[in-house]
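Trainee: Sharing a sequence plus its predicted fold:
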Amino acid sequence: LITENTLNSLLEKKFDLLNHKNLRLNKPILSSDEMDRYFSKVKDLFSLEEDTNQKLEKEIDDYIHDELATAMIAEEVQKGLDNLSQRVSNGMEKINDLSIGSGSVKTFEFFKDTNTKLELYKNFHEDKIPFNVSSLDEVTRGGLERGQVALFAATSGGGKTAFLTNLSYYFSVKSKCNVLHITLEEKESDQSLRLDRIVLNSGIEDTFDLDGKIKPSFSSKVKNIYPRVNPKSHGILRIVKSTPDTLTIDSLYQLIRNCMRKDNISYDVIVLDYADLLKLPSNTMGHESEAGQKLFQNLAKIAGETNSILITGSQLNRSSWDSDVKTISSVEGSYRKINICSFVGTINSNKEERNQGFFRIYLDKCRNSFGFKDNMLYMKYDLHSMKMHCDSDLELSNHKSLLGDKSANSQDLNIKKENHKQNMIDAINASLE
């Protein structure tokens with residue numbers, strides 16, 4: 001990717017070379033106004049929104065393929081007539097395999113292209129990005145693959161933002177990944193403070209005074225510590241704030257591309273807090289399930305085109321509040337969303353758990369989780385900094401004792417009959433896995 005500043009710098013170098021040449025030839029040099037016109041064109045270029053018109057994309061794709069084919073045939077004819085038909089056929093095969101547009105399609109012949117398959121298997125684990133949270137890495141067999149979407153659901157106030165913030169921390173600091181964290185509800189100050197408390201291990205009493213103002217000692221800590229941190233010890237973590245019901249899926253994609261140009265990088269992980277707050281098309285009234293499915297299809301497309309993993313949240317409806325075990329079935333259109341996601345988990349915690357920082361993640365869906373002996377992950381927040389970790393053996397024992405005997409073995413959990421939908425989801429998952 002080339003940034004606006006880089007392109008302007010290249011233009012300046014070009015102007016210098018051109019003006020030196022004109023001076024030697026006694027020709028007029030470029031005026032400041034002429035150069036400014038070029039810089040204005042660059043500014044306009046980077047201000048343009050990406051054209052997502054698929055008809056135009058197809059016409060460009062067809063034109064480029066035709067031009068490549070014409071040039072290839074002319075080149076092969078110049079080489080002579082020997083095996084011309086075979087050479088042209090081989091050339092056309094390569095050209096037809098090219099996908100110029102964003103919807104890249106890759107093919108191989110299963111029985112013949114053994115080397116292609118071996119190369120795919122060689123890169124299988126390399127495409128994974130670890131959470132660096134032991135239970136999540138265990139159940140996903142090393143993390144999520146680039147291009148995959150993960151969904152974590154919870155009730156209103158049930159811990160989605162705290163959990164997603166922790167994931168951004170673990171990916172950027174522990175996995176050293178470049179992370180784009182997009183918040184649609186949280187204020188920038190609140191989101192930044194959540195991360196600062198985790199990174200700096202700062203409690204409420206260390207952060208705020210009795211009037212609710214940030215303590216000077218905390219501000220001093222932020223000011224003095226981060227400049228001394230080795231940049232190689234973490235990835236980039238860019239925070240973006242928008243507002244609910246204003247960012248469409250197209251503007252989300254453009255926002256991601258703009259941030260990539262700003263940082264001059266590609267992001268490994270995109271955390272979206274959270275997808276339900278994106279603006280849906282105006283014609284979705286009464287078709288929320290279909291709209292949700294389309295939304296998650298587009299999120300998967302963004303993950304694929306940016307070669308990243310995309311993690312987001314969803315809010316459970318009120319019917320789930322009294323459930324012993326909350327699952328994704330309490331989300332509108334859940335069975336449509338779950339088919340698109342590679343990992344789906346529902347955050348659970350009762351009052352007793354919350355008082356001690358404990359929570360659970362019910363595994364609604366996890367590809368490649370074969371062999372994992374449980375359908376619950378047991379986790380805990382450090383109530384001082386709100387940094388999460390997996391339960392230690394002692395914490396796990398205490399955690400399960402809070403839940404009572406019926407939850408001592410979560411494989412035997414009797415999820416209520418409300419979950420007829422969940423049974424259907426499990427059947428769908430089984431067919432996919």
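Mentor: Nice, thanks for sending it over. Bear in mind that the values here come from a model prediction, so they are computed numbers and not experimental data.
Trainee: Please count neighbours and contacts with C-alpha atoms only from this point.
Mentor: Noted.
Trainee: need the contact list for the closest residue to Met388 other than its chain neighbours.
Mentor: Spatially, and ignoring its direct neighbours in sequence, Met388 is nearest to Tyr381 (4.2 Å; Cα to Cα, 6 or more residues apart in numbering). Tyr381 is in contact with 357-359, 387-389, counting by Cα atoms under 8 Å, 6 or more residues apart in numbering.
Trainee: Flag the shaky bits of the stretch 151-300 of the chain, pLDDT-wise.
Mentor: Across the stretch 151-300 of the chain, the ranges flagged by pLDDT under 70 are 282-287.
Trainee: Contacts for stretch 295-313 next, please.
Mentor: So stretch 295-313 is contacted by 102, 144-154, 160, 164, 249, 253, 266-276, 337, 340-341 (Cα under 8 Å, 6+ apart).
Trainee: are any of these buried, and which?
Mentor: 144-154, 160, 164, 249, 253, 266-276, 337, 340-341 (16 or more other Cα atoms under 10 Å).
Trainee: still on that earlier bit, from the contacts of Tyr381, which is closest to Phe46?
Mentor: Lys387 (38.7 Å; Cα to Cα).
Trainee: correct me, but that closest one touches Asn166?
Mentor: Yes. Lys387 is in contact with Asn166 according to Cα atoms under 8 Å; the separation is 6.5 Å.
Trainee: Tell me the residues that contact both of these two, please.
Mentor: Ile198.
Trainee: helix or strand right after the helix or strand harbouring Asn298?
Mentor: According to DSSP states H and E, Asn298 maps onto helix 288-305. Next helix or strand after helix 288-305 toward the C-terminus (DSSP H and E): strand 309-315.
Trainee: show me what contacts the closest residue to Thr165 other than its chain neighbours?
Mentor: Counting by Cα to Cα, 6+ apart, Thr165 lies nearest to Leu195, which is 6.8 Å off, once chain neighbours are set aside. Applying Cα under 8 Å, 6+ apart, we find Leu195 in contact with 165-166, 169.
Trainee: could you say which helix or strand contains His399?
Mentor: Going by DSSP H and E, His399 is part of helix 393-403.
Trainee: Run through the neighbouring helices and strands of that helix.
Mentor: helix 351-356 (3 or more Cα pairs under 8 Å, 6 or more residues apart in numbering; DSSP states H and E).
Trainee: Check the offset of the helix it packs on from the chain's centre.
Mentor: Using Cα atoms, centre = their mean, to the nearest Å, the distance from the centre of helix 351-356 to the centre of the chain it belongs to is 30 Å.
Trainee: Just want the angle from the helix or strand following that helix to helix 393-403.
Mentor: Downstream of helix 351-356, the next assigned helix or strand under DSSP H and E is strand 358-366. With axes from the mean of the first three to the mean of the last three Cα atoms, to 10 degrees defining the directions, strand 358-366 sits at 90 degrees from helix 393-403.
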